[in-house]
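Student: Let me see the structure of the following:
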Amino acid sequence: MARDPRHSDSLDDERDRTIDSVDVESATSRQEKLDELVASSDTGGRSPARPVAYLISGVALVWSLFQLWIASPIPFMVGFGVFNDTETRSIHLAFALFLAFLAFPASRSIPQLVLGAGVPLLLGYLFLEGATGVLPGWYIPVITVTMVVFALLPSPSRRVLPHEWVLAIAGAATASYLFFAYTSISGRVGAPNMTDFMVGTVGLMVLLEGTRRALGPALMVVATVFLVYTFLGPYMPSIIAHKGNSLSEVVNHQWITTEGVFGIALGVSTSFVFLFVLFGSLLDKAGAGSYFINVAFSLMGHMRGGPAKAAVVSSAMTGLISGSSIANVVTTGTFTIPLMKRVGFSAEKAGAVETASSVNGQIMPPVMGAAAFLMVEYVGIPYFDVVKHAFLPAIISYIALVYIVHLEAMKAGMQGLPRSYEPKPWLQWLVGVVFGILVLCALSFGVYYGMGWIRPAFGDNAGWVVFALLVAVYVGLLWYGAKYPAPKMDDPDKPITELPRPGPTVKSGLHFILPVVVLVWALMVDRLSPGLSAFWAAAFMIFILITQHPITAFFRGTGDYGFQTTRGFLDLIDGLITGARNMIGIGIATATAGVIVGAVSQTGVGSALAEVVEVLSGGNLMAILLLTAVLSLILGMGLPTTANYIVVSALLAPVIVTLGEANGLIVPLIAVHLFVFYFGIMADVTPPVGLASFAAAAVSGGDPIKTGAIAFFYSLRTAALPFLFIFNTDLLLINVDIPHGIFIAIVATVAMLLFAAATQGWFLTRNRIYESVALLLIAFTLFRPGFWMDMLVAPYSERPGSEVAEAAAETPANEPLRLRIDYLDAFGEPSQRSVELNLPAGATGEERLQNAGLELVDRDGKKIIDNVAFGSAAEKAGLDWDQEITLVRTPTDQPSKYWMFIPALAVLGLIVWAQRRRRPDEEPSQGQPVAA
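Tutor: Numbers count the residues shown, from 1 in each chain. Have a look, this model is predicted:
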């Protein structure tokens with residue numbers, strides 16, 4: 001029986017409506033899960049009733065305002081509200097702990113409950129062992145039982161129970177104790193009283209419970225292990241044993257002084273990290289996050305695998321201001337992952353691309369997941385230098401990831417997304433790009449030299465003049481951008497997706513770049529402190545948030561200025577609250593990581609760990625680095641970026657320095673810290689704990705373990721870089737001039753692309769095994785040409801220590817003198833290390849050594865250091881009295897290492913020739929075009 005066509009149409013319409021309804025419901029459900037995931041990891045997963053929700057928001061708002069206040073110059077101008085470092089750290093942690101117990105419900109999983117109850121029991125036992133004569137006999141048992149009960153009680157996600165209020169208040173009270181009792185404590189440093197002990201013991205337990213809630217069990221377990229190690233040192237294996245510390249020593253060191261919880265890490269979180277996280281939050285609330293994504297898609301979405309390339313670029317731009325790899329995954333991945341799947345990527349590969357690119361955001365200056373500011377303190381170099389050294393590896397790593405995506409698209413024959421416009425001829429496009437670059441350069445020179453003229457001309461009023469000019473540029477960009485519609489992100493699940501036009505998309509949000517320019521200018525040109533730079537950038541962002549909507553409405557003639565102004569203020573308040581809530585986990589992480597740092601400094605476990613690594617590696621330099629990399633990966637599992645870096649730098653950076661010097665490897669400290677940092681953040685990718693991989697899998701619907709495995713494979717380029725810049729510090733632009741730096745950047749980028757081609761098994765076409773091996777060797781040669789040249793011609797000649805004066809006389813002015821030193825370590829054991837001594841000018845070798853602050857004596861035919869001048873080059877090199885100089889290395893007349901590029905490029909030419917010959921026969925079949 002024939003169907004009525006109208007009835008058929010109505011059935012089809014009904015089916016389409018049903019499918020659309022299901023799609024909307026599934027997308028809504030997925031978004032709710034993602035929001036819950038981000039909240040549970042970053043801002044707190046609890047959604048309580050309105051009074052408590054308002055309280056949480058109000059406290060978070062006050063926290064942001066407090067941080068802006070102490071960062072600004074206003075307190076010093078009015079002479080009110082000026083706090084010292086210890087006081088600000090105390091208040092900072094008080095806010096973080098109070099909000100942690102209100103915003104983060106405790107997990108009810110069995111492992112979490114066991115840990116939550118077991119940690120206070122264990123610590124209670126250790127505290128009780130050392131509490132005799134220090135604390136009342138009832139105190140520790142009562143606190144321990146209370147904490148165990150609190151850990152086992154329910155923790156609903158919709159309301160805050162009474163015991164959680166107790167924990168929140170106790171956390172805030174114990175953390176703020178240093179603020180209220182600062183004067184009293186300052187008068188009895190090193191002699192804590194009973195109140196100090198009571199506060200310290202409760203504070204440590206509450207801090208660890210807050211860590212379990214806000215960050216999961218990983219960091220809590222690591223910190224607990226180090227506290228246990230501090231108490232039970234005499235019972236440890238002999239290789240890591242120490243004398244052990246009493247309750248008095250531990251509480252004083254960890255809570256009352258600034259060696260532990262309130263140490264450098266929490267200080268950096270207070271002074272720098274909060275403001276940068278707040279700046280990123282305000283920038284996102286202004287609309288910059290969606291603007292970055294739209295710009296990336298408009299520029300790259302039409303290419304092969306375009307959504308994946310756009311995902312990499314947008315994650316890089318988001319990573320500039322983001323301190324969380326998980327938030328980066330969800331922010332950009334919600335849009336990019338479905339589009340990657342549409343053009344042919346599997347769910348796992350789409351999630352892996354997003355994971356690899358988002359985690360890479362943590363190595364991207366200027367924020368580097370907040371680790372950049374910690375490096376300033378730990379390495380002792382200016383912030384500008386940290387950014388300079390970290391910049392090139394991060395850039396070439398991102399370029400290589402874009403290339404990996406391209407190779408994946410080539411292998412699968414993928415297409416890009418359709419364009420709704422005809423592209424410009426390539427010559428016209430190239431001319432436009434060149435013209436834009438020239439205009440940008442001209443503007444940069446004009447601004448730079450204009451600022452140099454404004455400051456002397458206007459004196460104290462120069463700041464107001466600069467602000468007026470900045471506002472004029474901002475208003476001009478809003479006027480220019482108002483001519484174009486604000487870009488909107490399409491629903492990535494819709495069947496039709498057309499790319500926005502690049503020109504209007506870029507022009508519509510140019511004003512978002514101004515705050516970033518202000519930040520970079522303050523950091524790089526004016527060389528202001530990171531905290532003050534972030535304050536001025538955040539202050540300008542506040543101005544933008546309040547004014548952008550009404551000014552844009554004026555230029556577009558839409559009116560309703562009152563509503564637009566109110567909208568701006570609401571965005572500002574929302575940004576301030578979100579910024580503070582994003583800082584809860586980071587504030588607690590830095591405080592808990594301080595426990596680990598304090599334990600390391602109190603017990604000397606760093607040297608013990610170096611001895612363990614040396615025993616396991618057999619003294620082999622590459623084995624030492626591999627073991628350190630694996631340990632960094634393990635220690636970084638489950639930790640946020642900031643805590644991750646603190647832990648690995650405190651434990652493992654000294655290992656590389658100590659063992660490297662003993663084995664002839666002398667590298668700058670920044671290279672060592674970047675090495676452990678890179679492998680620490682790889683834990684966010686690597687199964688089974690790769691948090692970013694799980695977040696990406698939640699978006700893509702793929703298997704999280706498989707997603708993590710693929711993401712780790714994509715991240716091999718990031719894992720290779722640390723080994724390369726340890727042996728070739730040119731990659732970090734250390735002591736490199738501009739022309740040489742440009743040359744290194746080009747060569748390193750080409751080398752990384754070849755490395756990616758080798759590991760992906762595809763160059764111009766599918767690689768044969770020997771071609772992949774050859775590409776790896778070519779990439780290695782380009783990265784480290786000195787390796788092969790050193791095998792042909794030794795770079796140094798070795799002379800006995802007795803000839804140190806002759807060697808000093810022959811050492812060129814720009815070359816350090818390399819010495820091998822024998823000495824007795826702190827335990828009286830014979831040790832050996834290598835040092836580099838910078839020699840000032842002098843007529844003879846003896847005079848150059850004396851000018852370097854070094855006095856030597858002959859003792860039984862040995863060269864012994866008799867004196868080291870204070871503040872001299874010799875002291876900076878680590879030389880000391882009674883050390884013996886056993887060996888001197890002087891540079892030889894070695895040919896340039898870059899001659900090794902000739903055979904490498906010749907082999908590359910052969911591979912290109914061979915692959916081009918067979919390319920037509922092995923070209924993959926083109927995939928289906930994107931559905932329209």
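
Student: Give me the contact list for stretch 626-633.
Tutor: With contact meaning CB atoms under 8 Å, 6 or more residues apart in numbering, stretch 626-633 is reached by 613, 616-617, 648, 651-652, 655-656, 675-676, 679-680, 682-683, 686, 719, 722-723. Just so you know, the C-beta spots here come from the backbone N, C-alpha and C atoms, and that holds for glycine as well.

Student: ugh, wrong one, I meant stretch 869-881
Tutor: Against stretch 869-881 from outside (CB under 8 Å, 6+ apart): 819, 821, 823, 833, 835-840, 852-855, 865-868.

Student: tell me which residues of that stretch are tucked away?
Tutor: Buried residues in stretch 869-881, counting neighbours by 16 or more other CB atoms under 10 Å, are found at 872, 873, 874, 877, 879.

Student: Show me what the strand or helix carrying residue 587 is packed up against.
Tutor: According to DSSP states H and E, residue 587 maps onto helix 561-603. Identification of packing neighbours for helix 561-603 by 3 or more CB pairs under 8 Å, 6 or more residues apart in numbering; DSSP states H and E yields helix 50-71, helix 85-103, helix 194-215, helix 217-231, helix 264-268, helix 274-285, helix 530-556, helix 641-651.

Student: Identify whichever of the ones you listed lies nearest to residue 383.
Tutor: helix 530-556 (5.3 Å; CB to CB).

Student: Doesn't residue 865 belong to a strand?
Tutor: Yes - the assignment for residue 865 is a strand, going by DSSP: H, G, I helix; E, B strand; the rest coil.

Student: For burial, what's the neighbour tally of residue 837?
Tutor: The number of residues packed near residue 837 is 25, by other CB atoms under 10 Å.

Student: Quick check: phi and psi on it?
Tutor: Here is the backbone geometry of residue 837 (degrees, to the nearest 10): phi -110, psi 120.

Student: Just grab the bridge partners of it for me.
Tutor: Beta-bridge pairing for residue 837 (DSSP bridges): residue 817.

Student: returning to what we had before: tell me the one of the buried residues of stretch 869-881 nearest residue 456?
Tutor: Distances from residue 456 to these, taken by CB to CB, are shortest for residue 873, at 37.1 Å.

Student: Excluding chain neighbours, what is closest to the closest one?
Tutor: Distance criterion CB to CB, 6 or more residues apart in numbering; nearest residue to residue 873, sequence neighbours excluded, is residue 852 at 4.4 Å.

Student: separation between the one you found and residue 817?
Tutor: 8 Å (CB to CB, to the nearest Å).

Student: Show me the common contact partners of these two, please.
Tutor: 837, 838, 839.

Student: Which member of those residues is positioned nearest residue 231?
Tutor: Out of those, the member with the shortest distance to residue 231 (by CB to CB) is residue 837, at 41.9 Å.

Student: Enumerate the positions of stretch 245-264 that are buried.
Tutor: 245, 247-264.

Student: show me where pLDDT drops low in the stretch 701-850 of the chain?
Tutor: Residue ranges of the stretch 701-850 of the chain with pLDDT under 70: 826-827.

Student: Now for residue 605: which residues touch it?
Tutor: 226, 229, 240, 242, 599, 651.

Student: Widest-spaced pair of the residues you listed?
Tutor: Most distant of those, by CB to CB, are 242 and 651, 15.1 Å apart.

Student: Run a quick neighbour tally on the residue nearest to residue 729 when sequence neighbours are not counted.
Tutor: Using CB to CB, 6+ apart and skipping residues adjacent in sequence, the residue nearest residue 729 is residue 671, 5.6 Å away. For residue 671, the neighbour count with other CB under 10 Å is 21.

Student: just checking, residue 477 touches residue 514?
Tutor: Yes - the pair residue 477 and residue 514 passes the contact test of CB atoms under 8 Å, sitting 7.0 Å apart.

Student: Could you figure out how far the host helix or strand of residue 475 is turned away from helix 530-556?
Tutor: For residue 475, the host element (DSSP H and E) is helix 462-481. Helix 462-481 and helix 530-556 are oriented at 40 degrees to each other (axes from the mean of the first three to the mean of the last three CA atoms, to 10 degrees).
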